[in-house]
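Novice: With the input below, show me the fold.
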Amino acid sequence: MFIDTHTHGKLAKNLPFSEQFTIRLFQEAKKRGVEALCLTEHFNTRDFDKIYAYIHDHYPREGDTFLVEGVRVFPGIEVDMAEGGHNLVIGSYETIIALREEILRQESSTEFLPAARLFPLIKQYDVIFGAAHVFRKGCHNLELPEELIAYYDFFDLNGKDMGVLGPNNYQKVMEVAAYYDKPVLAGSDTHQYLQYGSVTNHFARHFQTIAAFREEMHQGDYEIIVNPAVAEKVEGANLVKKVLKQLQRQGGSYDFPLDIE
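Specialist: Numbering: from 1, shown residues only. Next up, the predicted model:
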């Protein structure tokens, strides 16, 4: 099973939810060979609830996943911490909704939770917990005390970082994961569909529950694939993203269809 473990359902956090844009993302993921993905939407994105409500109400469920436009979708969330840095959480629909509500109840309106409070809270839930794009500027996950880093289940090999930071990022992520004896999972970090396929994981078996996902991850019977054109894919996606955001600012709509005739 080809699975992308870090994706988003919107073009940008401050934009409204667009049913058309989100559906197109899943359709394009399938066209690009993505069989499953983790929808790790930012916990503080605008209209977070609408994204998951739409998926829950319109698509069939299998285990802990939804079958959306032919793609198996594991619910997830990306959570900021006060120290600077992002964290990926993958779980069932009910778990992700409950966890987000718990985080929002404990945060102030101006500050994120510190890792010492956030990580134990997250691990109270049945989730797979990862450190996102740890070598990106402004991310301080690896500066945390080792007892907090130990909470992580995996490290994120991020498609955007592979495109922007270059191939050395691969070796650095693998080395830090080996140091902490943690798996690595590859996620495109896509907000625009051209980025799908920049990196992906090829698991030997299919799975549809968090328990099975965790077991397969720890067995390690999967291959991480980095697209040779990762830099071009990320550059193209970033360019389209900028153009669509500018279109929105100028009074248009970012979900303008990009079909090629």
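
Novice: all strands of this protein, in order?
Specialist: 2-7, 36-42, 61-62, 65-68, 71-80, 86-90, 128-131, 154-158, 184-187, 199-203, 222-226 (DSSP state E).

Novice: Flag the shaky bits of this protein, pLDDT-wise.
Specialist: Applying pLDDT under 70 to the chain flags the ranges 109, 247, 256, 258-261.

Novice: Count the residues that sit near Ala98.
Specialist: 13 (other C-beta atoms under 10 Å). To be clear about C-beta, it is placed using only N, CA and C from the backbone, and glycine gets the same treatment.

Novice: circling back: which one of the strands of the chain lies nearest to Gly138?
Specialist: Closest to Gly138 of these, according to C-beta to C-beta: strand 86-90, at 9.4 Å.

Novice: Each with direction, which strands does the closest one pair with?
Specialist: The strands beside strand 86-90 in its sheet (DSSP bridges) come out as strand 71-80 (antiparallel), strand 128-131 (antiparallel).

Novice: Could I get these in a markdown table, plus columns for mean neighbour count and distance to Glu235?
Specialist: Formatted as a markdown table, the strands paired with strand 86-90 follow (neighbours: other C-beta atoms under 10 Å; distance: least, C-beta to C-beta, whole Å):
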| stretch | mean neighbour count | distance to Glu235 |
| --- | --- | --- |
| strand 71-80 | 24 | 22 |
| strand 128-131 | 24 | 25 |
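
Novice: Present these as CSV; the columns should include distance to Arg214.
Specialist: As requested, the strands paired with strand 86-90 are exported to CSV (distance: least, C-beta to C-beta, whole Å):
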stretch, distance to Arg214
strand 71-80, 11
strand 128-131, 6
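
Novice: Show me the helices in the stretch 151-261 of the chain, by range?
Specialist: 159-164, 168-180, 210-219, 230-249 (DSSP state H, counting those that start in this stretch).

Novice: Now tell me what touches the first one from outside.
Specialist: Contacts to helix 159-164, defined as C-beta atoms under 8 Å, 6 or more residues apart in numbering, come from residues 6, 133, 135-136, 169-170, 186-190, 195, 198-199, 226, 230-235.

Novice: what about 7 Å?
Specialist: Helix 159-164 is contacted from outside by 133, 135-136, 169-170, 187-189, 195, 198-199, 226, 230-231, 233-235, using C-beta atoms under 7 Å, 6 or more residues apart in numbering.

Novice: Kindly report the same for stretch 198-215.
Specialist: 1-5, 34, 62-65, 72, 90-92, 126, 128, 157, 159, 162-163, 185-188, 216, 221-227, 230, 233-234.

Novice: picking up where we left off before, mind putting the strands of the chain into a markdown table with distance to Val240?
Specialist: Shown next, in a markdown table, are those (distance: least, C-beta to C-beta, whole Å):
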| stretch | distance to Val240 |
| --- | --- |
| strand 2-7 | 16 |
| strand 36-42 | 19 |
| strand 61-62 | 32 |
| strand 65-68 | 22 |
| strand 71-80 | 20 |
| strand 86-90 | 22 |
| strand 128-131 | 27 |
| strand 154-158 | 19 |
| strand 184-187 | 19 |
| strand 199-203 | 19 |
| strand 222-226 | 21 |
